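Student: take a look and give me a structure for this.
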Amino acid sequence: MNFAIRAKGAPVRVVRVLASAMAAMAFVGGLAHAAPAHAADEAKWPARPIRLVLPFPPGGGTDTLARIMAPKLSDILGQPIVVDNRAGASGNIATDIVAKADPDGYTVLMGFNTALTMNPSLYKNLPFDVQRDFKPVTMLAAAQYVLVVNPALPVHTVQELIALAKSRPGQLNYSSSGPGSPLHLAGELFKARTGTDIAHIPYKGGGPATIGLLGGQAQLMFGSVSAVMPHVKEGKLRALAVTGMKRSDVAPDLPTMDQSGLPGFNVTSWYGLLVPAKTPDAIVAKLASAAQKVIQQPDVRDAMAKQGLELSIDTPQEFAQTIKTETATWADLIHKMNIKAE
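Tutor: So this is what the prediction gives:
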């Protein structure tokens, strides 16, 4: 009897072992089958048109740059690049669209540093988190600002301006393109670093802010190279320094703010490509390589120069660190100076 029970039980155990082994083999086989399919998707990328989302309206400098780049990027990747302008809310609309897109490499953001590093501290309850929801691809271009004064102001250097502002607290005005704009934050950073009391006059755009300076309503401003340098060349404005850490290719004779006695003063505008956070690294690397080849082409660099932009290439890791560092810098200033976007 005991033998019979064992004899009957043995096949049951064997069947169970065989069933478990077959299930395990099927599971492993499924993984082996799935892995090449996923790898194949990455290897085939891009297999359809790529959507390049811009936080700017058609016709502007960034839009022009994107449309110059798009066909060249298309030639390298072998698929059309469709430029999608989604202006509004200081770049938050376009940024949110890409943050919520499928992480498959077919929706790409041409990001602007205002939306990526300043807006997180200027706006409450943003529907996205830049450092959580995005994977940086590469920076493309950067532009410095120029500290300019009305020629009626008796200063020719940054230190002379600081001395004059301290001797006339609250009597000087600086113009900007609006609350929370890079020009506004540059002015507030200058005040914080120099301990000066200078009033802010916000305008609706860089053009009106420049007109206000030319007309004497303001005495100084941080302006874009393309907006203010023509007036400097005509003698209508006086340039004191540029705001990057190295001299500008567009205005090489001007010292930097750092060279003018404000160590580490660094305010630039920059543009770069980003994709949703879970986009495969292989796709990110392929997109970065293609974009970097495009922006190094002579006609693209010439187009950038006309907008006051200079070539700026880095790795995804370096780009991510730039975003992280600048976000912390602006958060500290915005809190300290109680800056509001509206």
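
Student: so what strands line up beside the top strand by length along the chain?
Tutor: Taking DSSP state E as the criterion, the chain has its longest strand at strand 134-149. Strand pairing for strand 134-149, using DSSP bridges, gives strand 220-224 (antiparallel), strand 238-242 (antiparallel), strand 268-276 (antiparallel), strand 310-311 (antiparallel).

Student: what comes into contact with the first one?
Tutor: Contacts with strand 220-224, where a contact means Cβ atoms under 8 Å, 6 or more residues apart in numbering, come from 143, 145-150, 153, 161, 172-176, 182-183, 186-187, 190, 198, 206, 209-210, 212-213, 228, 243, 267, 269, 308. Backbone N, C-alpha and C define where each C-beta goes, glycine included.

Student: over to the shortest one?
Tutor: Applying Cβ under 8 Å, 6+ apart, the contact partners of strand 310-311 are 141-144, 248-250, 295-296, 301, 304.

Student: number of residues surrounding T138?
Tutor: Under the neighbour criterion other Cβ atoms under 10 Å, T138 is assigned a count of 23.

Student: is it in a bridge, and if so with what?
Tutor: The partner residues for T138, given DSSP bridges, come to L273.

Student: picking that back up, can you say which of the strands paired with strand 134-149 is packed in most?
Tutor: strand 220-224 (a mean of 27; mean count of other Cβ atoms under 10 Å).

Student: dump the strands paired with strand 134-149 into JSON lines; add mean pLDDT as well.
Tutor: Supplementary listing: the strands paired with strand 134-149 in JSON lines, determined by pLDDT from 0 to 100:
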{"stretch": "strand 220-224", "mean pLDDT": "96"}
{"stretch": "strand 238-242", "mean pLDDT": "98"}
{"stretch": "strand 268-276", "mean pLDDT": "95"}
{"stretch": "strand 310-311", "mean pLDDT": "88"}
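
Student: hang on, D249 in a strand?
Tutor: No: secondary structure of D249 (DSSP: H, G, I helix; E, B strand; the rest coil): coil, not part of a strand.

Student: how many neighbours does it have?
Tutor: A count of nearby residues for D249, using other Cβ under 10 Å, gives 13.

Student: mind checking how far it is from L333?
Tutor: Note on D249: its distance to L333, by Cβ to Cβ, to the nearest Å, is 27 Å.

Student: just put the strands paired with strand 134-149 in a markdown table and tack on distance to M69.
Tutor: A markdown table is the format used below for the strands paired with strand 134-149 (distance: least, Cβ to Cβ, whole Å):
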| stretch | distance to M69 |
| --- | --- |
| strand 220-224 | 20 |
| strand 238-242 | 25 |
| strand 268-276 | 10 |
| strand 310-311 | 12 |
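
Student: nearest to T107 among those would be which one?
Tutor: Nearest of the strands paired with strand 134-149 to T107, taken as Cβ to Cβ: strand 268-276 at 7.1 Å.

Student: what pLDDT does S226 get?
Tutor: Confidence at S226, expressed as pLDDT, is 83.

Student: an error on my part: the question was meant for A47.
Tutor: So, for A47, pLDDT stands at 97.

Student: again, but for T62
Tutor: 80.

Student: closest to P46 out of the contacts of strand 310-311?
Tutor: I295 (18.6 Å).

Student: hmm, the closest one is touching A305, no?
Tutor: No: in this structure, I295 is not within contact of A305 by Cβ atoms under 8 Å, at 11.8 Å.

Student: which residue ranges make up the domains of this protein?
Tutor: Domain ranges of the chain: 50-143+268-337, 144-260, per the TED database.

Student: make JSON lines from the ones you listed and add distance to D41 to it.
Tutor: Putting the domains of the chain into JSON lines (distance: least, Cβ to Cβ, whole Å) gives the following:
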{"stretch": "domain 50-143+268-337", "distance to D41": "8"}
{"stretch": "domain 144-260", "distance to D41": "39"}
